[in-house]
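1. What follows is a protein structure lacking sequence information:
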């Protein structure tokens, strides 16, 4: 089959790799608008549950993919200068650029052609020249936009503001830091992803953002302001920028996932907010499902698409629902800041409605026992 993949991110590269391994006769071309080696952002994080699908799909690639990851088995919530640890949460972290490099090398070893610094000028022409066109070109997908009348995308812009930073301060656990200021609440999502670097994502509601004057600051002024807010956590280290501009979460979904011989994958198909840490996981699971469907139904694209949707729509719906509840929690966190650190952490862990008290007990019996002792009352369901 002649396949064109628009987008050289995790979804497009991993699908190309798996499809080629399962049928070397496929002629696969990956088209990426950015230069080779270019990436924006800092690190990515996977849970052990999230990595299990990679091990099952391709054990050889999994070993290479995780070789240089930073790992920890707990997370930490910082509230009122108190650090509350929740164990039983296994995380694996890596630099986004390293993750893409591993995928790129694996594709090259299979003879997959990746064209960098290339923008598709005529998407319909490309579609007509191939048997399968995969739109894996991210949240601002040009493929989705070109066929919008068929995919019928929906967009929901959320209210909180975000800026991605890095830092040399090493946050070994996945850490969530909540700081109250005279302007309002600032939140940092942080985790170490290499021997000397951590991701440091700052979140703030729009009212606090405006009161602090961040709407009038330059990128560097915002960086220095946020570093001062989290000075207790950063120590002598500063924040580092890489196009660290303020943005809002834009949640994307599509009524239809396919059109003729075109299918969407990853963020082009649906975005899952990073507060759940599942965007890359979902993209790579999409890649597995589509390559599985293609291998099961060779030469039958409609059967392939049907099998893909049957495999992925339930998980997509579930994750987007959980992400919406997680966003609701962060957007209303100011109303919870009066909780003691233990209760605050417990409330956070159950924010999506998918984690029960018993789930928490199995994950970290010590944390749950401490919460039980402080709350001698009927256990919530």
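-> Nice, I can see it. Computed from a prediction, not measured in an experiment: that's the story for all the values here. Residues are numbered from 1 along each chain as shown.
2. The stretch 201-350 of the chain: strands as residue ranges?
-> Using DSSP state E, counting those that start in this stretch, the strands of the stretch 201-350 of the chain run over residues 239-240, 247-254, 258-259, 262-264.
3. same check, this time on the stretch 1-150 of the chain
-> 2-6, 27-31, 43-47, 70-79, 82-95, 113-115, 132-135.
4. Least confident of the ones you listed, on average?
-> Here the lowest mean pLDDT among those goes to strand 43-47, at a mean of 89.
5. remind me which residues of the stretch 251-381 of the chain are low pLDDT?
-> 275-277, 378-381 (pLDDT under 70).
6. hmm, back to that, using a markdown table, please lay out the strands of the stretch 201-350 of the chain together with distance to residue 91 and mean neighbour count.
-> All C-beta atoms are positioned from the backbone trio N, CA, C, and that covers glycine. A markdown table is the format used below for the strands of the stretch 201-350 of the chain (distance: least, Cβ to Cβ, whole Å; neighbours: other Cβ atoms under 10 Å):
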| stretch | distance to residue 91 | mean neighbour count |
| --- | --- | --- |
| strand 239-240 | 21 | 20 |
| strand 247-254 | 21 | 17 |
| strand 258-259 | 34 | 20 |
| strand 262-264 | 28 | 27 |
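7. how about a markdown table for those, with distance to residue 19 added?
-> Listed next are the strands of the stretch 201-350 of the chain as a markdown table, based on distance: least, Cβ to Cβ, whole Å:
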| stretch | distance to residue 19 |
| --- | --- |
| strand 239-240 | 37 |
| strand 247-254 | 22 |
| strand 258-259 | 16 |
| strand 262-264 | 12 |
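8. Ok, which of those strands comes nearest residue 7?
-> strand 262-264 (10.0 Å; Cβ to Cβ).
9. distance between that closest one and the chain's centre?
-> 20 Å (Cα atoms, centre = their mean, to the nearest Å).
10. So which elements touch whichever helix in the chain runs longest?
-> The residue-count maximum for a helix in the chain (DSSP state H) belongs to helix 301-331. In terms of contacts (3 or more Cβ pairs under 8 Å, 6 or more residues apart in numbering; DSSP states H and E), helix 301-331 is packed against strand 153-167, strand 247-254, strand 258-259, helix 279-296.
11. Can you list the buried residues in that helix?
-> Residues of helix 301-331 classed as buried by neighbour count (16 or more other Cβ atoms under 10 Å): 301, 304-305, 307-309, 311-312, 316, 319-320, 322-324, 326-327, 329-330.
12. same question, stretch 231-245
-> Quick answer for stretch 231-245 (16+ other Cβ under 10 Å): 233-234, 238-240, 244.
13. Same check on stretch 208-218?
-> Those would be 208-209, 212, 214, 217, for stretch 208-218 by 16+ other Cβ under 10 Å.
14. coming back round to it: of all the strands of the stretch 1-150 of the chain, which lies closest to residue 364?
-> strand 82-95 (4.5 Å).
15. Strand partners (parallel or antiparallel) of the closest one?
-> Next to strand 82-95 in the sheet, as set by DSSP bridges, lie strand 43-47 (antiparallel), strand 70-79 (antiparallel).
16. Switch the ones you listed over to CSV; also include distance to residue 31 and mean neighbour count.
-> Below are these laid out as CSV (distance: least, Cβ to Cβ, whole Å; neighbours: other Cβ under 10 Å):
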stretch, distance to residue 31, mean neighbour count
strand 43-47, 22, 23
strand 70-79, 32, 19
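17. Output those in a markdown table; the columns should cover distance to residue 27.
-> Shown next, in a markdown table, are these (distance: least, Cβ to Cβ, whole Å):
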| stretch | distance to residue 27 |
| --- | --- |
| strand 43-47 | 30 |
| strand 70-79 | 37 |
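18. In contact with residue 296, which residues are there?
-> 304, 307 (Cβ atoms under 8 Å, 6 or more residues apart in numbering).
19. ok, now residue 35?
-> 116-117.
20. what's the distance between it and residue 117?
-> For residue 35, the distance to residue 117 equals 5 Å [Cβ to Cβ, to the nearest Å].
21. just residue 18 next, same as before
-> 25 Å.
22. Next: residue 186.
-> 37 Å.
23. circling back: of residue 18 and residue 117, who's got more company?
-> Taking other Cβ atoms under 10 Å, residue 18 and residue 117 do not tie; residue 18 has more neighbours (24 against 10).
24. what's the pLDDT at the more buried one?
-> pLDDT, read off for residue 18, is 98.
25. can I assume it is in contact with residue 57?
-> Yes - counting by Cβ atoms under 8 Å, residue 18 touches residue 57, with 6.6 Å between them.
26. what touches both of those two?
-> By Cβ under 8 Å, 6+ apart, the residues touching both residue 18 and residue 57 are residue 288.
27. For residue 113, find the nearest of the strands of the stretch 201-350 of the chain.
-> Taking those one by one with Cβ to Cβ, strand 262-264 is closest: 19.9 Å.
28. Mind listing residues that contact that closest one?
-> Contacts of strand 262-264 (Cβ under 8 Å, 6+ apart): 127, 132-136, 141, 143-144, 147, 151, 254, 257-258, 290, 305, 308.
29. If any of the residues you listed are buried, give me the ChimeraX selection for them.
-> Only the buried entries of those go into this ChimeraX selection, using 16+ other Cβ under 10 Å:
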select :127,132,133,134,135,136,141,143,144,147,151,254,257,258,290,305,308
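30. follow-up on the earlier one: and residue 14, which of the strands of the stretch 201-350 of the chain is closest to it?
-> Proximity to residue 14 (Cβ to Cβ) singles out strand 262-264 among the strands of the stretch 201-350 of the chain, at 14.4 Å.
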